[in-house]
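Peer 1: test case, fold it:
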Amino acid sequence: MYLAVSEWAISAALFRCPSPKEQKPVYYVSRALADVETRYSKMELTALALRSAAQKLRPYFQAHPVIVLTDQPLRSILHKPDLTGRMLQWAIELSEFGIEFQPRLSKKGQVMTDFVLEYSRRPNQHHESSEQEWWTLRVDGPPLIRLWKYEAILSGLDLALALSVSKLRIYSDSQLVVRHIQKEYEAKDSRMARYLAKVRSTLQQFTEWTIEKIKRADNRHADALAGIAASLPIKEAILLPIYVQANPSVAENSTCNTIEATQTDNQEWTQILQNISGQALYPKI
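Peer 2: Next up is the predicted model:
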C-alpha cells in the first residue's frame with residue numbers, strides 16, 4: 001500500500017503483488033480533509049490516511065497481511081509508548097491488523113497515488129454550475145510526428161464537447177503546435193495548415209479556452225493515465241469500448257487534371273483522339 005497526503009486531501013492505493021517485482025492495483029481511496037484535519041502535521045496526516053484506508057478496505061486488511069511503503073517513520077511513531085490523543089487511538093485501531101512497514105522503493109505505485117490525490121478537488125473548488133468549471137486537457141504524441149499531436153488535440157476537443165465542456169485549458173509539450181494555435185507561428189505545410197484550421201474551428205465551440213506549452217517531463221499526468229490504463233486488470237465479463245480512428249481527422253486534398261479539346265472544321269470531338277505522342281488517331285468507319 002502507498003499513501004499520499006496534501007493540504008486538502010489524503011489518498012491510498014492498495015496493490016496486489018503476485019511476485020516480488022509485480023504490482024497490480026486493487027483499490028484507490030481518497031477523501032477531502034475536514035477543517036480541523038487541515039492543521040494536522042504530515043506525520044498525523046499519513047497515519048490518518050492509513051487509518052481511513054483500513055476502515056474503507058477492512059475486509060482486505062483482515063484477510064491479508066498489508067505492507068505499507070512510506071518515507072515516513074510510521075512504525076516507530078505508532079509503537080511509541082508515550083503516544084497520546086488521536087495518535088494513540090489510531091495506533092490501537094490499527095493494531096488489530098497485520099500491518100508491516102517498509103521503506104518506499106518503487107515509484108510506480110506512488111505516482112498513481114499522487115495522481116489520484118492531485119485530482120481530488122479542494123473543498124472550495126465546487127461550483128454551482130458545471131458550465132462555469134474549467135476542465136483540463138493534457139495531450140501527448142510521438143515527438144517526431146507533429147500531425148499526430150494535432151490528432152491528439154482534436155480527439156480531446158471532441159471528447160470535451162461530448163461532455164458539454166465550455167471552459168478548457170489545454171497543455172501540450174509541442175512548442176510548434178502551441179505556437180501555431182496561438183497564431184505566433186505560421187503553418188507553412190499545407191496539410192498542417194488544414195489541421196490548424198480545423199483545430200481553430202473546433203475551439204470556437206468553447207466559451208473560453210487557453211493553451212500552454214509545458215515540458216515533456218511536466219506532462220506526467222498523461223503518462224500516469226496511460227500507466228493506470230495499462231496496469232488495471234480487466235475482467236472478462238466487462239465490455240470495454242475502444243475507439244479506433246481509422247482515418248485522419250483532415251482528409252487529403254484530391255486533384256483532377258482536366259483536358260480541354262477544341263473543335264475544328266466542324267468535326268465532333270469523338271471523331272479525333274489525341275494520343276500521348278501527339279499523333280492523331282481516326283476511328284475506322
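Peer 1: so what's the residue count around residue 250?
Peer 2: 19 (other CB atoms under 10 Å). (Glycine included, C-beta is placed from N, CA and C.)
Peer 1: what does residue 21 give?
Peer 2: For residue 21, using other CB under 10 Å, the count is 7.
Peer 1: what do you get for residue 173?
Peer 2: By the measure other CB under 10 Å, the count of residues near residue 173 is 20.
Peer 1: can I assume it is in contact with residue 212?
Peer 2: No - if you go by CB atoms under 8 Å, residue 173 and residue 212 don't touch, sitting 10.3 Å apart.
Peer 1: residue ranges of the strands in the stretch 101-250 of the chain, please?
Peer 2: Remark: strands assigned in the stretch 101-250 of the chain by DSSP state E, counting those that start in this stretch are 134-139, 167-172, 208-213.
Peer 1: what's the pLDDT at the residue nearest to residue 205 when sequence neighbours are not counted?
Peer 2: Counting by CB to CB, 6 or more residues apart in numbering, the nearest residue to residue 205 once its immediate chain neighbours are dropped is residue 161, at 6.0 Å. Among the per-residue scores, residue 161 holds a pLDDT of 89.
Peer 1: which of the strands of the stretch 101-250 of the chain sits most buried?
Peer 2: When you average the neighbours per residue for each of the strands of the stretch 101-250 of the chain (mean count of other CB atoms under 10 Å), strand 167-172 leads with a mean of 19.
Peer 1: what lies in contact with that strand?
Peer 2: Outside of strand 167-172, the residues that reach it under the criterion CB atoms under 8 Å, 6 or more residues apart in numbering are 132-140, 149, 153, 156-157, 160, 178, 206-214, 219.
Peer 1: can you pull the contacts of residue 62?
Peer 2: The contact partners of residue 62, by CB under 8 Å, 6+ apart, come to residue 97.
Peer 1: pretty sure it is in a helix, no?
Peer 2: Yes - the assignment for residue 62 by DSSP: H, G, I helix; E, B strand; the rest coil puts it in a helix.
Peer 1: does the residue nearest to residue 205 touch residue 207 like I think?
Peer 2: No - here residue 161 lies out of contact with residue 207, judged by CB under 8 Å, at a distance of 11.7 Å.
Peer 1: more neighbours, those two?
Peer 2: Of the pair residue 161 and residue 207, residue 161 is the one with more neighbours under other CB under 10 Å, namely 14 against 10.
Peer 1: quick one: the helices in this protein, in order.
Peer 2: Counting by DSSP state H, the chain has these helices, from start to end: 42-56, 58-63, 74-78, 85-94, 108-118, 146-162, 175-181, 190-203, 220-231.
Peer 1: so what's the residue nearest to residue 210 when sequence neighbours are not counted bridging to?
Peer 2: If you skip the residues right next to it in sequence, residue 210 has residue 169 as its closest partner in space, 5.2 Å away by CB to CB, 6+ apart. Taking DSSP bridges, one obtains residue 136, residue 210 as the residues bridged to residue 169.
Peer 1: for the protein, which spans come out with low pLDDT?
Peer 2: Under the criterion of pLDDT under 70, the regions of the chain flagged as low confidence span 105-132, 141-146, 216-246, 252-285.
Peer 1: at 90 instead, please
Peer 2: For the chain, residues meeting the criterion pLDDT under 90 lie at 1-39, 42, 64, 69-86, 98, 102-156, 158-166, 171-198, 207-208, 211-285.
Peer 1: list the buried ones in stretch 151-159?
Peer 2: In terms of neighbour count (16 or more other CB atoms under 10 Å), stretch 151-159 has its buried residues at 151, 152, 153, 154, 156, 157.
Peer 1: how about the nearest residue to residue 156 once chain neighbours are set aside, what does it touch?
Peer 2: With sequence-adjacent residues excluded and distances taken as CB to CB, 6+ apart, residue 156 is closest to residue 137, at 4.5 Å. Contacts for residue 137 were tallied using CB under 8 Å, 6+ apart; they are 153, 156, 157, 160, 168, 169, 170, 171.
Peer 1: between the strands of the stretch 101-250 of the chain, which gets nearest to residue 82?
Peer 2: With CB to CB as the criterion, residue 82 lies closest to strand 134-139 of the strands of the stretch 101-250 of the chain, at 45.9 Å.
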